[in-house]
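# got a sequence here, can you model it:
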Amino acid sequence: MSHVPEQQALTENTEKHCQAVSVAGHTNTSSAVARSRGDAFDVSIHTMQVGETVTCEALVAGEEVGAVLSGQFTIVAADEHYQLSRGEGIIIPPGAARTWTCDSAEGRLYRVVNRASLENQSGAAL
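Residues are numbered from 1 along each chain as shown. Okay, here's the model as predicted:
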């Protein structure tokens, strides 16, 4: 007995709460940043040295999920200060300026920025 047709029928008759989006698109890899940019999301892994920063201005800052893969970072976002270490993460709301600063000899940072969240917030197309 196959459950696929039954599952498809259930999906077709219910309201959807999730939306699939493409992350395929431009990919750039260097020694410091591995990045992929799709229609709605920017996904990146930054390898940083002590004192290096990543900054995003408020007008172009979509909702962000960031996680520290290694090292320690100070994050200033929405005029609040956070210190994160390996295994810790943060969710930053859209429209909030943010700066990530590496506090350790070397650190790796995983970031996903939802640019579509700016459209939802301001009503403007990206």
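
# just for this structure, where's the confidence low?
Residue ranges of the chain with pLDDT under 70: 1-31, 120-126.

# and the helices in it?
4-12, 116-122 (DSSP state H).

# got phi/psi on Arg86?
Main-chain torsions, Arg86, degrees, to the nearest 10: phi -50, psi 130.

# and the residue lying closest to Trp100 once chain neighbours are set aside, how far is that from Ala105?
Distance criterion Cβ to Cβ, 6 or more residues apart in numbering; nearest residue to Trp100, sequence neighbours excluded, is Val54 at 4.5 Å. To be clear about C-beta, it is placed using only N, CA and C from the backbone, and glycine gets the same treatment. Using Cβ to Cβ, to the nearest Å, we find Val54 at a distance of 17 Å from Ala105.

# repeat for Asp39
Separation of Asp39 from Ala105 (Cβ to Cβ): 37 Å.

# between the two, which has more neighbouring residues?
Legend: neighbour count by other Cβ atoms under 10 Å for Asp39 and Ala105, higher for Asp39 (12 against 9).

# tell me how many other residues surround the residue nearest to Tyr82 when sequence neighbours are not counted.
Spatial nearest neighbour of Tyr82, excluding adjacent residues (Cβ to Cβ, 6+ apart): Ile75 at 4.5 Å. Neighbour count for Ile75, taken as other Cβ under 10 Å: 21.

# can I assume Ile75 is in contact with Ala67?
No - counting by Cβ atoms under 8 Å, Ile75 does not reach Ala67; the two are 11.3 Å apart.

# which residues do those two both contact?
Shared contacts of Ile75 and Ala67, defined by Cβ atoms under 8 Å, 6 or more residues apart in numbering, comprise Ile90.
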